[in-house]
Structures are given as C-alpha cells and as structure tokens.
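> need a structure here:
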Amino acid sequence: MLEFKINKFLSVKFDKFAEDLETQIFINGEEFIQCSHVLVTIHLDDVDSLNLFSSVDEIPQDPQEVLIPPRVKFFVHCSNLQAWAENNYDTRMIHSNLAFPILKKLTEVGDLQAKRVFKEELINRIKCDYEPTVEYLIREEFTEVLNFNDFESIIGSEAIILKELAKIIPLFLTLVLDDEFFTNGAGFIISDQRVTKLSLIRCDLKKLPESIETLTHL
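Take a look at the predicted model:
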C-alpha cells in the first residue's frame with residue numbers, strides 16, 4: 001500500500017494488489033472518493049495556452065484517454081492535490097467534480113482552511129460563469145449553502161431585491177437551472193453576474209413588488 005499524506009485531513013492511497021488499481025482519496029482517515037482518471041493531459045507545447053482558461057474545467061479534454069500506468073497515475077494525483085492544498089484549495093486547479101466534494105467534506109471534518117474558502121470558491125466559480133461548472137454546482141446542491149449576502153458578491157444590489165422578495169413569498173427562493181425553471185416554485189437564474197430569469201410560480205402574489213422593475217436584465 002502506497003500512501004501520501006497531503007495534510008492533517010487529506011491523504012491519498014494506492015493498493016497495488018487491489019482489483020481496480022485506482023487511486024483512493026481519504027479524508028480524516030476514511031475512504032471518500034476514487035480518482036479514476038487523470039482528467040487533463042497538457043503537453044509542453046500547450047503550457048502557454050493555459051493562460052486562456054480560468055480553470056481546469058475549461059481546458060479541452062483529450063478524446064483519447066492517455067494510457068498512464070496506475071502507479072504513475074497515483075503520483076500525478078498526489079502532486080495535483082498537494083499543489084491544490086498548498087494554494088489554499090484553489091478550485092481552479094483541479095476539476096470541479098473532484099474539488100468541491102472534497103472541499104465540502106473537509107469543512108465537515110473540521111478543516112478550518114476549507115471552511116474559510118468554501119463559500120468564496122463557490123462564489124468565484126459562479127462569477128466565472130462557465131456554464132458546465134455552474135450547472136454542476138447547482139445540480140449537486142453545493143450552491144444551497146449560499147445566502148443572499150453571499151449572492152451580493154455575485155450580483156450586487158440585485159441580491160438585496162431578491163432578499164426582500166424572499167420575505168413575502170411562501171416558498172424558498174433559490175438559484176436554479178434552465179431545465180428546472182418552470183418546475184421550481186420560486187427560483188432565479190444568473191448569467192454574466194445578473195439575474196436574467198425569475199420564477200414565482202405558486203407564490204400566490206396578487207401584486208409584484210415595484211423593486212422587481214430594477215432587475216433590468218430579466
């Protein structure tokens with residue numbers, strides 16, 4: 001069994017005798033998630049092009065998965081996760097479907113640095129407005145930890161209008177996806193750091209608040 005300890009809470013293990021030969025991530029001593037793939041393969045000639053992307057999520061994936069020996073893959077994951085941890089869990093550095101589940105779990109087991117940056121990382125990734133990442137965060141319910149004060153960092157004074165609106169409707173007003181817009185009782189959609197859609201279905205409002213008129217991107 002190979003083990004690489006990243007910090008007090010996070011470690012990576014590889015069992016060369018296991019059937020699947022996959023790298024395992026452990027949090028607080030318990031197995032949490034399996035790393036099946038090295039999601040991004042960057043050639044030396046492509047290094048300068050990384051500046052064109054705001055996160056790893058946006059880098060085009062190689063359609064043909066590179067054949068990397070499992071032991072080498074383990075060390076690649078160790079290196080990536082160590083760099084991520086040393087950079088204050090900057091979620092731009094590893095894929096969001098790995099970064100946010102780990103970060104959320106770290107907050108639950110008492111990692112103070114993870115607790116400090118979790119909401120900030122969510123806000124930053126929503127502000128980047130990369131649709132697949134935002135969709136993932138909403139669909140997996142990570143964004144449900146954000147309150148209207150947090151949304152003020154994304155959409156400014158429009159969050160104050162939503163906060164006031166939320167006080168007079170019977171349903172929970174939440175960030176939703178396009179395909180959920182007409183099925184969710186009360187929801188809003190953000191694009192380019194503005195509220196672009198607002199659903200108040202089944203909210204039993206006899207009159208819309210005048211403040212909604214200031215949501216000029218609806």
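> ranges for the strands of the protein?
2-5, 10-14, 23-27, 30-35, 174-175, 187-191, 194-199 (DSSP state E).
> residues in contact with the closest residue to Ala83 other than its chain neighbours?
The shortest distance from Ala83 to any residue that is not its chain neighbour, by C-beta to C-beta, 6 or more residues apart in numbering, is 6.3 Å, and that residue is Met93. C-betas here are computed from N, CA, C, even on glycine. When contacts are counted by C-beta atoms under 8 Å, 6 or more residues apart in numbering, Met93 touches 55-56, 80, 83-84, 87, 99.
> now Met93: how far from Phe53?
Summarising the geometry, the distance separating Met93 from Phe53, computed by C-beta to C-beta, to the nearest Å, is 11 Å.
> also Cys35?
Relative to Phe53, Cys35 is positioned 21 Å away (criterion: C-beta to C-beta).
> then Gln193?
From Gln193 to Phe53 the distance is 19 Å (C-beta to C-beta).
> same check on Ile27?
Taking C-beta to C-beta as the criterion, Ile27 is separated from Phe53 by 28 Å.
> one more: Lys115?
Note on Lys115: its distance to Phe53, by C-beta to C-beta, is 28 Å.
> below-threshold pLDDT in the protein: ranges please.
The chain contains residues with pLDDT under 70 at 19, 36-52, 61-67.
> please enumerate the helices of it.
Applying DSSP state H to the chain gives helices spanning 70-86, 96-109, 112-128, 131-139, 148-155, 158-166.
> can I get those in TSV with mean neighbour count and distance to Lys206?
Rendered in TSV, the data for those read as follows (neighbours: other C-beta atoms under 10 Å; distance: least, C-beta to C-beta, whole Å):
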stretch	mean neighbour count	distance to Lys206
helix 70-86	17	51
helix 96-109	19	40
helix 112-128	18	33
helix 131-139	17	30
helix 148-155	18	24
helix 158-166	19	14
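> wait, which of those is closest to Asp178?
Of all the helices of the chain, it is helix 131-139 that lies closest to Asp178, at 8.7 Å by C-beta to C-beta.
> what packs against the closest one?
With contacts defined as 3 or more C-beta pairs under 8 Å, 6 or more residues apart in numbering; DSSP states H and E, the secondary structure elements packing on helix 131-139 are helix 96-109, helix 112-128.
> of all these, which one is nearest Lys197?
Taking C-beta to C-beta, helix 112-128 is the member of these nearest to Lys197, at 15.1 Å.
> residues near Leu146, how many?
A total of 19 residues lie near Leu146 under the criterion other C-beta atoms under 10 Å.
> wait, I meant Pro69
Other residues near Pro69 come to 9 when the count uses other C-beta under 10 Å.
> and it, how far from Ile6?
22 Å.
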